[in-house]
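# Have a look at this prediction, sequence included:
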Amino acid sequence: MRSEHGAPGKRQSGRWGVGQGCNCRSVLDAIASLIEAQRADLVLVLIEHELNSQT
């Protein structure tokens with residue numbers, strides 16, 4: 001296996017390349033809560049809103 005930086009056999013872990021000012025954690029928490037509440041319809045709305053706000 002080759003990592004992103006070319007070192008064979010090593011796996012990379014940690015951040016997903018997300019900036020420090022990102023509110024991704026709160027969005028993921030909200031998505032998890034909505035999934036637990038079986039509100040897939042609202043999960044889709046939230047994801048769509050987040051994707052549109054990134055552009």
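Received, thanks.

# low pLDDT regions in the chain?
1-22, 55 (pLDDT under 70).

# try 80
In the predicted model, the chain carries pLDDT under 80 at residues 1-23, 54-55.

# Strands of the protein, residue ranges please.
Using DSSP state E, the chain contains no strands.

# So which residues of it form helices?
Applying DSSP state H to the chain gives helices spanning 24-36, 40-53.

# Mean neighbour count added to those helices, as CSV?
From N, CA and C alone the C-beta is placed, and that goes for glycine too. Output for the helices of the chain, formatted as CSV (neighbours: other CB atoms under 10 Å):
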stretch, mean neighbour count
helix 24-36, 12
helix 40-53, 12
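
# Next up, the contacts around the residue nearest to L42 when sequence neighbours are not counted.
Of all residues not flanking L42 in the chain, L34 sits nearest, at 5.0 Å (CB to CB, 6 or more residues apart in numbering). For L34, the contact set (CB atoms under 8 Å, 6 or more residues apart in numbering) comprises A40, L42, V43, L46.
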